[in-house]
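Undergrad: take this sequence and fold it.
(chains A and B)
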Amino acid sequence: MKKFFDRLILIDRRVIFLLISLSVIVPLLVKIELPLEVTPEVRRVFELVESLPDGSRILIPCEYAPDVMAEMEPMLYAILRQCYRKNLKVIVTALYPTGVNLIEKELRYMADQTGRKYGEDYTYLGYRPYPAAVILSMGQDFRQSFAVDFYGTPLDSLPMMKGVKNYKDVGLVLTVNATGGTEYWIIYGRERYNFPLAIGVTAVMGADYYNYLKTGQIVGIIPGLKGAAEYEKLIDHPEDAIRGMNIQSIVHLLIVVFVLIGNVGFFLSGQYRRKK
Amino acid sequence: MRRQLPLTITFVTAFTLAVQYFIPHRTFEILYEVSQVWLQIVGAFAMVLGIVSLWQLHWNKARGRKPGWGYSVVTLVCLTAMIVFGFTGPTKLGEVKAGGWIGPFNWSYDNVLNPLSATMFALLAYFIASAAYRAFRARTAIATILLLSAVIVMLGRVPLGDVISFGLFSKIANWLLYVPNVAAKRAIVIGVGLGVAAMSLKVMLGIERSYMGGE
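TA: Numbers count the residues shown, from 1 in each chain, chains lettered A, B, ... in the order given. Just a heads-up that it's a prediction; the model follows:
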């Protein structure tokens, strides 16, 4: 029996890797439908976007790179779908250098999907260095940092940017962010210029921002793939995030099972007493 | 003079920018706008400084055949290549005509950086699973609390956890996120905030001078 418990703490890492692979592949092949509850923090973001009058502007600063694309892309797509459905005019910045091209591609993809026109329904401002300074200067005038858009077009020649000066002219700032820049939007943006701010962040970052939610500095959080899945559910357009959550469910369960096996083995094999 | 001038510039700049926050007058607004432009220009120079510093570090490492010098060569080659690519082709995908050549910069981004970053991050799942199995042990009371919290949050944040616990895990996970997590985080943020304020005052008043080269 002791040998059995010893084996529990000596599972080969290749076995773990294989099981993780299977737990990712199998849910992709087999259709699983798991119930998904929408959390209040995600619902608040959705409702705030819904409450914006048709035709109003929304600023979506996107700051992420390809490494977190699996989490952030479905989030951005769900938000954009809702905005376009509501006929909101979307202004996007990308203050993280390695995400600039990725976000441009995603914007064009969603515009193609929903039949939106550049300059009329959405504008991509692109990248400028030093995010904190850019956020502060945008509070005075977007043109201070972005005299031209990503393609070099002067902002005033874009129909949807006419009369848009600074944060006062957007109904909501909703940053889709996987960087420390999220705090810049809270500290230098929201605190200085007092605009409604919501954030979409990666799952590991989520826990860091609940305190800002409680103080009312942000109106809501979309945390990670789960948040994106909830958003897809709210806009009634299930896509990659909901599919991804099924995979994540199995992988999380598998990791928990491994942790439990490791602990059972640790205590019953005598390793615990020896270490003590 | 070499010491007094930077100290004076630091004091005047920091004091003026701190004071303008509380004075809603047009003069101070203009001052603030100008400072934002200056900040971005200085930031751009910092980027140049960073590139030069990166180049020097890896160049010396490669020249001296120090351990890991091969990686330095790769860094230097990639750095140079991307800068050159940036000047030689379309860097904005939207400007590329349908079916046209996207240029070396976009090609490298799509086919090198994008898959490499995604792969590196995806590999984390394997290492996290393996590391959690090997290291996550309930050795002490504190470790047990951490372990239980982690397990509940992991299961409480996925739909399957709700199914197997009839919604209990998500309720506990939300409580953990909204109460103990917020309390701890708030204490850290306030502590950091006070620390930053104290440090800023020290820099402004010239007590902390290490930014001038260490004193």
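Undergrad: quick one: is the helix or strand where B:Val42 lies near chain A?
TA: Using DSSP states H and E, B:Val42 falls within helix B:26-63. Yes: legend: contact between helix B:26-63 and chain A by CB under 8 Å from any CB of the partner chain is shown at B:29, B:32-33, B:36-37, B:39-40, B:43-44, B:46-47. (Each C-beta comes from the backbone N, C-alpha and C, glycine too.)
Undergrad: please pick the buried ones from those.
TA: The neighbour count (16 or more other CB atoms under 10 Å in any protein chain shown) marks B:32-33, B:36, B:39-40, B:43 as buried among the residues of helix B:26-63 next to chain A.
Undergrad: pLDDT weak spots in the stretch 151-276 of chain A?
TA: Counting by pLDDT under 70, the ranges of the stretch 151-276 of chain A that qualify are A:271-276.
Undergrad: meant to ask about chain B, not that
TA: For chain B, applying pLDDT under 70 flags the ranges B:91-99, B:214-215.
Undergrad: just the closest residue of the stretch 151-276 of chain A to chain B, please.
TA: A:Ser249 (3.4 Å; CB to the nearest CB).
Undergrad: pretty sure that residue contacts B:Val158?
TA: Yes: contact criterion CB atoms under 8 Å: A:Ser249 and B:Val158 qualify, at 4.1 Å.
Undergrad: if I look at the residue of the stretch 151-276 of chain A closest to chain B, how far off is A:Val68?
TA: Taking CB to CB, to the nearest Å as the measure, A:Ser249 falls 19 Å from A:Val68.
Undergrad: now swap in A:Gly180 and tell me
TA: Taken as CB to CB, the span from A:Gly180 to A:Val68 is 13 Å.
Undergrad: A:Phe266 now?
TA: Counting by CB to CB, the gap from A:Phe266 to A:Val68 is 33 Å.
Undergrad: one more: A:Pro40?
TA: Relative to A:Val68, and taking CB to CB, A:Pro40 is found at 24 Å.
Undergrad: and the two? Which one has more around it.
TA: The neighbour comparison of A:Pro40 against A:Val68 (other CB atoms under 10 Å in any protein chain shown) goes to A:Val68, with 24 against 12.
Undergrad: checking that one next. Helix, strand or coil?
TA: Secondary structure state of A:Val68, per DSSP: H, G, I helix; E, B strand; the rest coil, is helix.
Undergrad: tell me the contacts of it?
TA: A:Val68 is in contact with A:178, A:202, B:121, counting by CB atoms under 8 Å, 6 or more residues apart in numbering or on different chains.
Undergrad: could you do B:Asn181 as well?
TA: A:207, A:210.
Undergrad: host element of it?
TA: helix B:180-204.
Undergrad: quick one: buried residues of that helix?
TA: In helix B:180-204, counting by 16+ other CB under 10 Å, buried: B:181-182, B:185, B:203-204.
Undergrad: could you say what helices and strands the host helix or strand of B:Leu124 packs with?
TA: Using DSSP H and E, B:Leu124 falls within helix B:114-135. In terms of contacts (3 or more CB pairs under 8 Å, 6 or more residues apart in numbering or on different chains; DSSP states H and E), helix B:114-135 is packed against helix A:13-29, helix A:69-85, helix A:240-268.
Undergrad: ok so, going back, based on its surroundings, how many neighbours for the residue of the stretch 151-276 of chain A closest to chain B?
TA: 25.
Undergrad: and if you look at B:Thr88?
TA: 11.
Undergrad: before we move on, what about B:Leu7?
TA: 15.
Undergrad: now it. Nearest residue, chain neighbours left out?
TA: Leaving out its chain neighbours, the residue that sits closest to B:Leu7 by CB to CB, 6 or more residues apart in numbering or on different chains is B:Gly206, at 4.6 Å.
Undergrad: B:Phe22 should be in a strand, yeah?
TA: No: using three-state DSSP, the assignment for B:Phe22 is coil, not a strand.
Undergrad: separation between it and A:Phe142?
TA: For B:Phe22, the distance to A:Phe142 - CB to CB - is 25 Å.
Undergrad: higher neighbour count, these two?
TA: A:Phe142 (24 against 7).
Undergrad: contacting residues around the more buried one?
TA: Counting by CB under 8 Å, 6+ apart, the residues that A:Phe142 touches are A:91, A:125, A:155, A:161, A:164-166.
Undergrad: okay, strands next: where are they in chain A?
TA: For chain A, strands defined by DSSP state E occupy the ranges A:57-63, A:89-93, A:122-126, A:172-177, A:197-201, A:220-223.
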